[in-house]
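Trainee: no sequence for this one, just the structure:
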Ligand code: BES
Ligand code: ZN
């Protein structure tokens, strides 16, 4: 037996799945999917086949001819879920599992009409990364095994089902509609994704449209109208786009991430709709995953930096191409701040601050941090600086060409880089990034004249004139750089002059609220209460609940707000906040 991925029961000596045929009926009343999954294997091989499942109720398992196959569902383990072992007889290459999902399936969030913008229809969406696909479909839930799939979803006729796949057609039967999709390119299971709700499309360009609830559609289309330019900029950096379409889905406010790179249909938090396109670096990030992550994939969560570090690097290259070096440097500086913050947060778990992690017995959702993103970015920047941009661009192209539609480990990355850029790893002290904790001393630091100007104003109340050209990224940096002992009166003056408590930009607003709450500036509390009742993005929940619960005075408020709002948060976000409150 060989289990190469610590987060999957997959045994690499068993045959791999080639295609999935998935049919599911979405039942909003019981919050279950009634489903069948047909797996076709790359080869027939008699013996056990181990699949990952979580909270699935297995009804029966049959072969391609409908004959029952013996199976055993093991008791659940807390992180991995339950192993489903099917005994395959000689010559059987196909099996169908009939099952239903649990109302608490970890990949799903079921929203009531009142939790949507329109307030009339329920909403359902999936979020499978890193290891939640198994709560939707019994499969080999490891990114090493890519599958092509076909899917049909039966939903109430008033609703639209969208999938991160190619649309085939919709039929209506009585009160229900059946929507058919197919995914011709092989994808890791964590990229299986769909959403069901009152959704309408608007065209953004020849290869893109945005989906949103009708109430949000115009604003979303305006915010994301630059997506086609972005696609073309990315293609000129990384080569042709392999996924045909790049559509966007504006999620309900409880979506726990900024964005999720579901292929052909990126999921985005509505908090990006700032009215001035200032947060579209998140779109650039998810687009960049079309190369780094979706095409070239980490072999397991232990090599997550290969997905995210490369993608942050690619995101900032896209940003540089579209908005210039200064803007890219501002984002680099924001990243550096986030990295320092994360290092502090994980100071008692230094092993989680090396890029190559060891996660046996660790839930990937708990190991999640900015470290693979920003330390990974610094590592790739260091390599780029060491060999020069032109050489590094060539390296990147060869990396993408070599591993396209495959998964790799950090060790394979090292071997590849050693071959392609001899001596470069030693030159940047790659081990300090990959294997050792902390931020390496020689790490590149972003430099720009705008950053220097900003630093000179640190901790002051700038004149209106001094800030008239500031982008939201500069505001965010200014606020994150406020000295931790800044007096309350500074906050009063800043708010009087710049109305930060009213900011429409969620990044600026959260940076402001966190700094103001830390300083004990009371007027920030009411805005925080409202915000925490509206938004479920973890990037904001964690620092806001964190800063509230760190103050003796506000700890009870943090608890009562959480009690009131928990229902509305995604289960992963709920878990994340619970952890913060329990440690406070
Ligand atoms: N793939 C991630 C989101 C994710 C990571 C979901 C791990 C589940 C488990 C996505 O590409 C991402 O990194 N989103 C960031 C955007 C950012 C770095 C610009 C986010 O959500 O904040
Ligand atoms: Zn990402």
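Mentor: In hand now; what should we look at? Fair warning: this is a prediction, and the values are worked out from it, not measured in the lab. Ligands and ions are numbered 1, 2, ... in the order given.

Trainee: number of nearby residues for the residue lying closest to residue 104 once chain neighbours are set aside?
Mentor: Computed as C-beta to C-beta, 6 or more residues apart in numbering, the closest residue to residue 104 that is not its neighbour in sequence is residue 55, at 6.5 Å. Placement of C-beta: from N, CA and C, glycine included. Here the number of neighbours of residue 55 (other C-beta atoms under 10 Å) works out to 16.

Trainee: which residues does residue 55 contact?
Mentor: 76, 81, 101-102, 104-106, 135 (C-beta atoms under 8 Å, 6 or more residues apart in numbering).

Trainee: and if you look at residue 359?
Mentor: Going by C-beta under 8 Å, 6+ apart, residue 359 touches 6-7, 300-302, 367.

Trainee: okay, how far is it across stretch 380-394, tip to tip?
Mentor: Its first and final residues considered, stretch 380-394 spans 14 Å by C-alpha to C-alpha, to the nearest Å.

Trainee: Give me the pLDDT for the residue minimising distance to the centre of the chain.
Mentor: In the chain, the residue lying closest to the centroid (C-alpha atoms, centre = their mean) is residue 260, at 4.1 Å. At residue 260, the pLDDT value in this model is 99.

Trainee: which bits of the protein sit near ligand 2?
Mentor: Counting by C-beta under 5 Å from the ion, the positions of the chain adjacent to ligand 2 are 308, 311.

Trainee: about what we covered before: would you quantify the distance from the residue nearest to residue 104 to residue 298?
Mentor: Note on residue 55: its distance to residue 298, by C-beta to C-beta, to the nearest Å, is 25 Å.

Trainee: about what we covered before: need phi/psi at the closest residue to the residue nearest to the centre of the chain other than its chain neighbours.
Mentor: Of all residues not flanking residue 260 in the chain, residue 267 sits nearest, at 4.3 Å (C-beta to C-beta, 6+ apart). In terms of degrees, to the nearest 10, the main-chain angles of residue 267 are phi -90, psi 130.

Trainee: burial of residue 267, as a residue count?
Mentor: If you count neighbours by other C-beta under 10 Å, residue 267 ends up with 24.

Trainee: Contact partners for it?
Mentor: Going by C-beta under 8 Å, 6+ apart, residue 267 touches 125, 127, 193, 195, 249, 251, 255, 257, 259-260.

Trainee: how many neighbours does the closest residue to ligand 2 within the stretch 451-584 of the chain have?
Mentor: At 12.0 Å from ligand 2, residue 539 is the closest residue in the stretch 451-584 of the chain, using C-beta to the ion. If you count neighbours by other C-beta under 10 Å, residue 539 ends up with 19.

Trainee: pretty sure it belongs to a helix, no?
Mentor: Yes. Remark: residue 539 belongs to a helix, assigned using DSSP: H, G, I helix; E, B strand; the rest coil.

Trainee: who touches it in this structure?
Mentor: Residues in contact with residue 539 (C-beta under 8 Å, 6+ apart) are 257-258, 510.

Trainee: between the residues you listed, which has the most around it?
Mentor: Neighbour counts for these (other C-beta under 10 Å) peak at residue 510, which has 24 neighbours.

Trainee: part of a helix, is it?
Mentor: Yes. Judged by three-state DSSP, residue 510 forms part of a helix.

Trainee: Tell me who's in contact with it.
Mentor: Contacts of residue 510 by C-beta under 8 Å, 6+ apart are 531, 539-540, 543-544.

Trainee: Closest residue of the stretch 401-550 of the chain to ligand 1?
Mentor: Among the residues of the stretch 401-550 of the chain, residue 539 lies closest to ligand 1, at 5.1 Å counting by C-beta to the nearest ligand atom.

Trainee: returning to that earlier point: filter the contacts of residue 55 to the buried ones?
Mentor: The neighbour count (16 or more other C-beta atoms under 10 Å) marks 81, 101, 105-106, 135 as buried among those.

Trainee: and ligand 1, which of the contacts of residue 55 reach it?
Mentor: Among those, no residue lies close to ligand 1 (C-beta under 6 Å from any ligand atom).

Trainee: could the residues you listed go into TSV alongside pLDDT and secondary structure?
Mentor: Below are the contacts of residue 55 laid out as TSV (pLDDT from 0 to 100; DSSP: H, G, I helix; E, B strand; the rest coil):
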residue	pLDDT	secondary structure
76	98	coil
81	98	strand
101	99	coil
102	98	coil
104	97	coil
105	97	coil
106	97	coil
135	98	helix
